[in-house]
Structures are given as structure tokens and as C-alpha cells.
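Q: Model the structure of this input:
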Amino acid sequence: QAQLEESGGGLAQPGGSLRLSCGSSGLVLEYYAIAWFRQAPGKEREGVLCINSMDGGGEPTLFADVVRGRFTISRDTAKNTVNLQMNSLNSEDTAVYYCKAGPICTYHDRNYYYEGQGTQVIVSS
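A: Okay, here's the model as predicted:
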């Protein structure tokens, strides 16, 4: 059974950086649009960034303007991962981060076929 798995979460200080990775057993991620969503305590889940499939052009799509200039998304096709580089972290970035795989980048999370279990990110001094 195909699965997605996130890694790289943890505790970061304000202004610090973390890199999350989304990997898979069973899926070749370059064939899918891969999105990162997050859910903060007491808040609705929100889309953060997405990268289109290689066949779809492979371009990133920004969902959350609050991460513009701080977060970037990229593929490592050799490792079959999609990475979310998060810089200049602040407390508002504290959330569980999920990666999803689907046909195209869309903000509507129901349009994705697969989702990982999530990885916790805590930004605190």
C-alpha cells in the first residue's frame, strides 16, 4: 500500500530554520503534485505550498501568502522526496505539517489521493 511519510519536524527557535521532507514507499513522487498543508492548534487546516508533477511543469504554487519569501518547496527526484525548507520561523508557524499527493496543485485538500501522518513543528524560545 502506497504511503507518504513526513520527517524533519521538531523544535525551532524564532528566526530559525527547519527542513521537512515528504517521502514515499510505493509512489514515485515526481508523477504527483505534492502539497504541504498545516494545521495549528484550534485552527483549520491550511495549504502552504505545492509543487506540480514533473509532467505538469514542476512549478511551485504558493497557497499561504504568510510564508512568501520564507518557505520554499523542492523535489529531490533521486531520493524520491519533496522538501519544504522553512526559514525565519515564527510562533505562527507552529503546526502539524502534512504532505499530500494528487494530480494537480489545488488548495482543496479533498482533491489529493494520499496524505501522510504529519510531523509536528514547534517554534518557541
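Q: Please save the CA atoms from stretch 93-100 in PDB.
A: What follows is stretch 93-100 as a C-alpha-only set of coordinates in PDB (Å, rounded to 0.1, in the frame of the first residue of the first chain):
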ATOM      1  CA  ASP A  93       4.300  28.500  12.000                       C
ATOM      2  CA  THR A  94       3.700  26.100  14.900                       C
ATOM      3  CA  ALA A  95       1.500  23.400  13.500                       C
ATOM      4  CA  VAL A  96       1.400  19.800  12.300                       C
ATOM      5  CA  TYR A  97       2.600  19.700   8.800                       C
ATOM      6  CA  TYR A  98       1.200  17.200   6.300                       C
ATOM      7  CA  CYS A  99       2.200  16.300   2.800                       C
ATOM      8  CA  LYS A 100      -0.300  15.200   0.200                       C
END
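Q: Now do that stretch: distance to the chain's middle.
A: Using CA atoms, centre = their mean, to the nearest Å, the distance from the centre of stretch 93-100 to the centre of the chain it belongs to is 7 Å.
Q: I'd like the average pLDDT over that stretch.
A: Averaged over stretch 93-100, pLDDT sits at 98.
Q: what's that stretch in contact with?
A: By CB atoms under 8 Å, 6 or more residues apart in numbering, the list of residues contacting stretch 93-100 from outside reads 4, 6, 9, 20, 22, 34-41, 43, 45, 48, 67, 82, 84, 86, 109, 112, 114-124. For glycine as for every other residue, the C-beta is placed from the backbone atoms N, C-alpha and C.
Q: go with 6 Å
A: By CB atoms under 6 Å, 6 or more residues apart in numbering, the surrounding residues in contact with stretch 93-100 are 4, 6, 20, 22, 35-40, 112, 115-116, 118-123.
Q: can you check stretch 14-28 too?
A: So stretch 14-28 is in contact with 2-8, 12, 81-87, 89-90, 97, 99, 123, 125, going by CB under 6 Å, 6+ apart.
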